[in-house]
Every structure is written in C-alpha cells, then in structure tokens.
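*Asks:* Need a 3D model of the sequence below.
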Amino acid sequence: MGPVILAFLLAVLAWVIVAGAHLRQRHPVWFWYLTGFPLTALRVVRTWRKVAILNDLAVSPRPSRGLLGDLVVKGDALRPVAPRISFPRATRTGLSLVVRLHPGQTPAPFIKAADALAHAWRVHAVRVTSPERGLVLVAATARDPLLHPGLATVSPTLLSALMGICEGGGAWVMDLRKVPHWLVVGATQSGKSTLLARLVVQFAPQPVALVGIDCKGGMELGLFSRRLSALATSRREAVAVLHALVIRMRRRMEVCRTENVRSIWELPDKFRPVPIVVLVDELAELYLSDGTRDSKTEAEKCSTLLLRIAQLGAALGIHLVVAGQRVGSDLGPGVTSLRAQLAGRICHRVNDPATAEMALGDLNKDAVAVAQSITPDEKGVAVCIGTDGGWDRARSHLTTVEEARKIAATYGHLTPELLDLCQSLYDLEVGRDGSQ
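*Replies:* Numbering: from 1, shown residues only. Purely as a prediction, here's the structure:
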C-alpha cells in the first residue's frame, strides 16, 4: 500500500500544480486570494519585528544610560519594541496593514524603509502613507499590474477619458471637469504620443471640440485632422489660433455675466457653448527663439495667450493638455508661470532630471524620484498627479496611431465648427500669399 499511496499523493500534487498554474493564468485575482495572500500575510506577521528592528522602526522603552544623582549610570539597552500592526487585509493586487506609531515616532523612517519591506515580504512594491496622526498605512503590491494593463469598466462622462490602469489596480481616468488643465512630459518612445492618441480616441465620440497645435508641421496631431476643429502647424499659426480662442473666451465671459452665472456649466443645456480641448504637442517649440525680433515676439505672444487660457479657461469650457519632451525654466519665466496653472501632471520617462523636477517637484518630491526610475522598457508608464495632490504610477492603454486615426475619421461628422479659428488661419494664409 505504501507505493500506491505515494503514487496517489504525487498524482494529486501534480493536479494541484496544474490547476494552480491554470488559475494563476486565467484568474490571477482569485489565485492571489487563495494562495498568494495567505503565504504573504504569514510572511509579514512572522518577519515584522525583525524587519522593524533592522530598519530602525522599533523603539527602546528606556535609554541605555540615565542619571543617578550626579552620576551617569550606563547599562544594556532594553529589548526594542516594534510598533503594533493590524493583521494584513487582502486587496485585489496585494495587501494592506495599519501601523500604530509609538509616541515620538514619525512616518518618515517608514517611508524610507519601503524598499526594505518589499524585499523582506517578496512583493513587487510597498507604498507608505500616513492617513492620520499616529498611524501609518502600508500598502503592498504583490505583482506589477502595469505589465499587462487592461481597462476597467468606467461609466463615461463628458470631458473624462479612460486612459489605462493605475498601479493599485484602479482605472486611470483624466477628468477635465475636475482637473481642467494638464502638463504631459516624456522623452522619445516613452509613451507621450500614445497618450495623446488615447485622448483623441476618448474624446472623439463626445460633444467636444478638439483643437491641435503641433509645431512639427502637424506630423503628430495632423493624423487626426478629421476630428480636429482647427490645427496649427507652426508657431505663427499657433498665435493666430490662441488669439482667436482668447476672443472666444471673452465672448463666453459676456454670456455668463449676462446670465448671472459663474461658469458655462451653470447655463441651460441649450445655451451652453461646446467645450474646447486644446492639445499642444511639443511645448518647447512655442517658446524657443532664434534671436530675431519676430521670433521673440511670437514666443512672447504664445506665452501670454497660453497663460491667459490656463488662468481663465476652466470656467469657460476651454481646457489645455500641454505636452513636451523637455519642459524647463531655461525656456523662460513664462513656462514656470504656465506650469503653476496646470494642476494635472503626467511624467513619463525623461532624459534629464530638470524636466521631472519641473513637472512634479512643486507638488510632490517623492514622485520625482519615482518618475526618474522609469526604465526605457516601461513604455507608457508614467507618474500622474491629480486633484488631491497624491501621486500614482500608471500605464496608458496601448492605442496605435492607426487605431486613433480610424476612430477620428469615424467620428469626423461630430466635429464642431469653430469658424473664428478657421478664419484666423485662413486670413493668416491669405496674408502670406499676398506678401509673396
């Protein structure tokens, strides 16, 4: 009976392994709940005290020396006491636990020890936050959900775009009603162009006007021209389009003042003007100057007009999504002023630390370090900052240029006519021809 029982147990073990592999591939969340979480939770509880002591997260109840009259008495330090933790709670992508700090402790050492905790618990990453005084929330991600990003089910709303997935497993949504203006930075092949294509795909079916400014001759945004109400392909054209948008913005102000409302969203639906999303690709081309007088004048006009739209456009339904490979203070003070108005930030892999600092440094210093750690293999991965100032790693859904172009053409009939913008471009072209 011995060999028979052994063979039976080996067969059962083989079936368990096969079933586990199938469950892990087809239903990774259930595999985590049934197998990964119990093992990881046990590892967390078993190693917590040792990890806390090694990373200076524990405290001694009394110091190793004290005063007895005028004498200093030395002795052995008492056994360190680790902070109490709650039992780990399972999440879809990992686990979380709460740490109760000892009097005098701060969250800073726990944030610094995040990488050490990830190695000790054999998880992908650990994020440490402090939701309230005296408590630290430790959230561990078991695997990298950005390796194979999917799309969550989110009810579409006006001016919101489902971009991809966040590292915590939730949907990555850009909502221009909540965060009206965005700055997107990223080096070549980092995923910046894919993100802009994704925005076009998401906004194409909506009753929204899209305006493109692409000073690379329209090589990027020109592919979606069927869905663009206007497209500027040079800085001179950009000045004309932005000037027309500012004039349109003033007219909307007059309408709101006449109706005694503070924004177009308080107007009745039938009187509400169409929202406008301005997509700017390669911001540096609008600010760089070759030293000539005309070039400096154009750059100053672009800077002033963009800043006015960023300051006043949110309540009037005019939104900016500004993208560039390099965004630094060397482009001029206008860039720094514009950045202050762009509350939404997305930073892909960048070539220089100054760009990451410019994009994220004024909001969250930790996010700068995380953005600089994005590797060339992580295309589409970015650090994004939204309404609450908190940051998250996220990855945009892979949207090919061809797919975006087809969708733009499919919904081309929904393109609102912005005759004043088109007229400004026409007048500029006629003026060129006349001068020639």
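*Asks:* how far away is residue 121 from residue 129?
*Replies:* 17 Å (CB to CB, to the nearest Å). Yep, even glycine has a C-beta here, placed from its N, CA and C like the rest.
*Asks:* More neighbours: these two, which one.
*Replies:* residue 121 (21 against 13; other CB atoms under 10 Å).
*Asks:* least trustworthy helix or strand in this protein by mean pLDDT?
*Replies:* Lowest mean confidence among the helices and strands of the chain (mean pLDDT, DSSP states H and E): strand 65-68, at a mean of 54.
*Asks:* all helices for the chain, in order.
*Replies:* Applying DSSP state H to the chain gives helices spanning 2-26, 28-31, 37-54, 108-112, 114-121, 192-203, 235-258, 284-287, 293-312, 333-341, 353-360, 365-372, 401-410, 419-435.
*Asks:* Could I get those helices in TSV, plus columns for mean pLDDT and distance to residue 101?
*Replies:* Formatted as TSV, those follow (pLDDT from 0 to 100; distance: least, CB to CB, whole Å):
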stretch	mean pLDDT	distance to residue 101
helix 2-26	60	37
helix 28-31	72	32
helix 37-54	92	11
helix 108-112	88	8
helix 114-121	91	15
helix 192-203	92	39
helix 235-258	94	49
helix 284-287	89	45
helix 293-312	91	41
helix 333-341	87	35
helix 353-360	87	27
helix 365-372	82	19
helix 401-410	93	49
helix 419-435	72	56
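*Asks:* Now for residue 197, how many residues are close by?
*Replies:* Quick note: residue 197 (other CB under 10 Å) scores 25 neighbours.
*Asks:* Domain-wise, how is the protein divided?
*Replies:* Annotated domains of the chain cover 55-60+77-143, 160-435 [automatic domain parsing].
*Asks:* Tell me how many other residues crowd the residue nearest to residue 376 when sequence neighbours are not counted.
*Replies:* In space, and not counting its chain neighbours, residue 376 is closest to residue 349: 6.5 Å by CB to CB, 6 or more residues apart in numbering. By other CB under 10 Å, 26 other residues sit near residue 349.
*Asks:* can you offset everything so residue one is 861?
*Replies:* From this message on, residue numbering opens at 861, which makes the last subject residue 1209.
*Asks:* how about residue 1209, what does it touch?
*Replies:* 1046-1047, 1050-1051, 1231, 1234-1236, 1238, 1241 (CB atoms under 8 Å, 6 or more residues apart in numbering).
*Asks:* picking that back up, single out the most deeply packed of the domains of the chain.
*Replies:* domain 1020-1295 (a mean of 19; mean count of other CB atoms under 10 Å).
*Asks:* before we move on, the earlier item: kindly reformat the helices of the chain as CSV and extend each row with distance to residue 1124.
*Replies:* Compiled in CSV, the helices of the chain are given as follows (distance: least, CB to CB, whole Å):
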stretch, distance to residue 1124
helix 862-886, 48
helix 888-891, 42
helix 897-914, 48
helix 968-972, 42
helix 974-981, 44
helix 1052-1063, 17
helix 1095-1118, 6
helix 1144-1147, 26
helix 1153-1172, 12
helix 1193-1201, 19
helix 1213-1220, 29
helix 1225-1232, 32
helix 1261-1270, 25
helix 1279-1295, 17
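*Asks:* Can you pull out the residues in contact with stretch 1182-1196?
*Replies:* With CB under 8 Å, 6+ apart as the criterion, stretch 1182-1196 contacts 1041-1048, 1052, 1055-1056, 1139-1144, 1147-1148, 1159-1160, 1163-1164, 1166-1167, 1198-1199, 1202, 1210-1212, 1214-1215, 1218-1219.
*Asks:* Touching, residue 1033 and residue 1026? I think so.
*Replies:* No. At 9.3 Å, residue 1033 does not count as touching residue 1026 under the criterion of CB atoms under 8 Å.
*Asks:* just to revisit the earlier point, out of the contacts of residue 1209, which are inside strands?
*Replies:* residue 1241 (DSSP state E).
*Asks:* contacting residues around the spatially most central residue of the chain?
*Replies:* By CA atoms, centre = their mean, the chain has its centre lying nearest to residue 1244, at 1.8 Å. Going by CB under 8 Å, 6+ apart, residue 1244 touches 1026, 1032, 1204-1207, 1251-1252, 1254.
*Asks:* if you set the cut-off to 7 Å instead, what comes out?
*Replies:* 1032, 1205-1206, 1251-1252, 1254 (CB atoms under 7 Å, 6 or more residues apart in numbering).
*Asks:* Okay, now the unreliable bits of the stretch 911-1060 of the chain?
*Replies:* Within the stretch 911-1060 of the chain, the stretches with pLDDT under 70 are 922-938, 1007-1014.
*Asks:* Do you know the pLDDT at the nearest residue to residue 1122 once chain neighbours are set aside?
*Replies:* Spatial nearest neighbour of residue 1122, chain neighbours left out: residue 1175 (6.3 Å); criterion: CB to CB, 6+ apart. On the pLDDT scale, residue 1175 is placed at 94.
*Asks:* Please consider this matter closed, and thank you.
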